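Participant: Pasted the sequence and its predicted model underneath.
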Amino acid sequence: MNQKLDKEIVNFIIDKHERHLQNTKPRNIKITYDMAHFNYLPNTLEMQIFRRSCEKAIEIASHFFSNLITIVPKPKGSMKWDLRTNKCGEATIPVADKTTDKDSDLHLYITFIDEPKQSYIAYAGWCRSLRIIGPTHGQVNFNLGILRSYNFSNSLQFQDLVSIVIDEMIHFLGFSGSDIVNWVDCQQEASCQSYCLTNCQSFQNHLLKNTKCS
């Protein structure tokens with residue numbers, strides 16, 4: 001669920017020769033995050049537990065993807081926020097993020113909103129993406145209205161939260177129906193046709209394929 005986010009793709013100038021010849025070998029993806037929005041919470045024990053639990057879920061999910069994904073580091077200057085808007089979902093972009101090139105591949109703004117009448121627990125999505133290279137900044141938003149009733153000391157409920165965060169971060173990484181059109185193949189050409197819809201045991205499945213990169 002990321003339809004609440006305003007998204008913008010940046011046409012970043014890439015020197016392909018430099019990117020592949022500089023001292024940049026593939027490495028585990030670096031994911032950083034900003035919890036500043038949680039400073040708006042009242043300083044109560046209940047909200048302290050809520051904050052710690054959300055941050056722990058983000059740490060676990062980030063570690064999971066860092067161990068799973070290997071990438072070529074993004075070019076210098078690509079991790080500065082240069083969009084006209086000062087918002088990424090519920091988060092206000094810090095001034096430092098507009099002037100400093102982060103040592104990161106994906107930067108997450110972690111936020112919350114109190115919507116007890118909504119059924120979602122969390123949603124995530126990217127706000128800024130570089131054409132060809134992929135997402136750089138995004139938001140993970142927790143629904144305090146639902147999570148207020150969670151018992152985070154219950155390991156099953158906490159595992160449920162972690163699973164939801166991992167699932168939502170998959171969308172942030174570009175795996176969603178609306179983002180397939182932005183995919184490229186190993187020649188950096190549009191690759192939106194390199195998947196097919198098939199039926200398997202009465203369920204429709206999207207299967208990925210690419211004959212150019214074999």
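Facilitator: Good, I have the coordinates.

Participant: And the contacts of the longest helix seen in the chain?
Facilitator: The single longest helix within the chain, with elements called by DSSP state H, is helix 45-68. The contact list for helix 45-68, computed with C-beta atoms under 8 Å, 6 or more residues apart in numbering, reads 28-31, 33, 35, 38, 41, 108, 110, 112, 140, 142, 144, 147-148, 150, 152, 158, 161-162, 165-166, 169, 173. No exception for glycine: its C-beta is placed from N, CA and C like everyone else's.

Participant: swap the cut-off to 7 Å and go again
Facilitator: By C-beta atoms under 7 Å, 6 or more residues apart in numbering, the list of residues contacting helix 45-68 from outside reads 28-29, 31, 33, 35, 38, 41, 108, 110, 140, 142, 144, 147, 152, 158, 161-162, 165-166, 169.

Participant: Quick check: can you list the domain ranges of this structure?
Facilitator: 8-182, 186-214 (automatic domain parsing).

Participant: Which SSE is immediately downstream of the longest helix of the chain?
Facilitator: Once the chain leaves helix 45-68, the next helix or strand it forms, by DSSP states H and E, is strand 70-71.

Participant: And the next helix or strand past that following strand?
Facilitator: Per DSSP H and E, the helix or strand that comes after strand 70-71 is strand 87-88.

Participant: what's next to that following strand, contact-wise?
Facilitator: The contact list for strand 87-88 (C-beta under 7 Å, 6+ apart) reads 93, 109, 127, 137, 138, 139.

Participant: switch to 6 Å and redo it
Facilitator: 109, 127, 137, 139 (C-beta atoms under 6 Å, 6 or more residues apart in numbering).

Participant: what's the lowest-pLDDT member of the residues you listed?
Facilitator: Least confident of the contacts of strand 87-88 in the model: residue 127, at 91.

Participant: element containing that residue?
Facilitator: Counting by DSSP H and E, residue 127 is part of strand 122-130.

Participant: That strand packs against which elements?
Facilitator: Contacts defined by 3 or more C-beta pairs under 6 Å, 6 or more residues apart in numbering; DSSP states H and E place strand 122-130 against strand 134-143, helix 155-172.

Participant: between that strand and strand 134-143, how big is the angle?
Facilitator: If you take axes from the mean of the first three to the mean of the last three C-alpha atoms, to 10 degrees, strand 122-130 sits at 160 degrees to strand 134-143.

Participant: In PDB, list the C-alpha atoms belonging to strand 122-130.
Facilitator: In PDB, the C-alpha atoms belonging to strand 122-130 read as follows (Å, rounded to 0.1, in the frame of the first residue of the first chain):
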ATOM      1  CA  ALA A 122       2.100  -0.200   7.800                       C
ATOM      2  CA  TYR A 123       2.800   0.800   4.300                       C
ATOM      3  CA  ALA A 124       6.000   1.800   2.400                       C
ATOM      4  CA  GLY A 125       7.000   3.200  -0.900                       C
ATOM      5  CA  TRP A 126       9.600   5.200  -2.600                       C
ATOM      6  CA  CYS A 127       9.400   9.000  -3.100                       C
ATOM      7  CA  ARG A 128      12.600   9.600  -5.100                       C
ATOM      8  CA  SER A 129      14.100   7.300  -7.700                       C
ATOM      9  CA  LEU A 130      16.900   7.700 -10.300                       C
END
